[in-house]
Structures are given as structure tokens and as C-alpha cells.
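> below are the sequence and a predicted model for it; my questions follow.
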Amino acid sequence: MKTLAKVIGLVGGIAAVIWAMRDRFISVATSREPQPPAFKAEPPSPPVSTIDGIGPVFAERLTAAGLGNVKKLAEASPDRVAEAASVSAARARTWIDLAKQT
């Protein structure tokens with residue numbers, strides 16, 4: 001009788017340990033580590049043709065010069081924009097100011 005009680009106690013103890021650690025044995029695929037933060041991609045900048053005064057011809061010239069979107073136009077110098085689009089520096093400054101407002 002004492003050996004039966006010892007065996008039952010031993011089996012019960014093993015079952016208790018397995019029950020307590022069941023997540024370790026069963027759900028190995030489920031990670032308990034926090035998910036890494038998702039990086040938000042910056043939305044693409046609209047094309048320069050959305051700026052007033054820049055039509056398809058000027059947009060094509062600016063795109064060929066590497067100034068195809070509003071963000072790049074806003075960061076460019078007036079001289080570079082004027083040379084790329086073959087316009088005056090005053091007009092280029094106007095486009096750059098409009099791009100910065102967008």
C-alpha cells in the first residue's frame with residue numbers, strides 16, 4: 001500500500017510539473033517576446049505636376065533633372081530648379097515656396 005501511494009504521488013508530481021510547464025512543451029511556435037515595432041514608411045511625395053504653374057513640359061524637365069517630386073523640389077536651390085526647367089530664378093523660387101507649403 002505504501003509503494004502504491006509513493007507511485008501515485010510520484011506520477012501526480014510529474015503530472016503537476018508537466019501541467020505547470022505545458023506552455024513550454026506545447027506552444028513552442030507561439031513566441032512570448034514582444035513584437036518588434038513596425039516601421040512606418042513615409043508616404044510617397046506627390047509629383048511636381050501638382051504644383052500650380054508646373055505643366056507637363058516643366059514637370060518632364062524637372063523629372064529629368066532628378067526633381068520629379070514635391071519633396072525634392074522643396075529641398076532644391078532656386079538656381080538648380082531654374083536651370084533644370086529653363087525658367088527664371090524668381091519663378092523657380094515661387095515653385096519652391098509652393099512645394100514647401102505642400
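Looks like it came in fine. Residues are numbered from 1 along each chain as shown.
> burial count for residue 42?
Residue 42 sits with 7 neighbouring residues when counted by other C-beta atoms under 10 Å. For every residue, glycine as well, the C-beta is placed using N, CA and C.
> distance of it relative to residue 71?
Computed as C-beta to C-beta, to the nearest Å, the residue 42 to residue 71 distance reads 9 Å.
> got any ranges where this protein has weak pLDDT?
Counting by pLDDT under 70, the ranges of the chain that qualify are 23-33.
> can you list the domains in this structure?
Following automatic domain parsing, one gets these domains for the chain: 1-30, 48-101.
> geometric centre of this protein: which residue is closest?
Closest residue to the average C-alpha location of the chain: residue 41 at 2.3 Å, with C-alpha atoms, centre = their mean.
> the helices in this structure, which residues?
Here the chain has its helices, by DSSP state H, at 2-20, 22-26, 56-64, 70-75, 78-85, 89-101.
> now the longest one: buried residues?
So that's helix 2-20. Buried residues in helix 2-20, defined by neighbour count with 16 or more other C-beta atoms under 10 Å: none.
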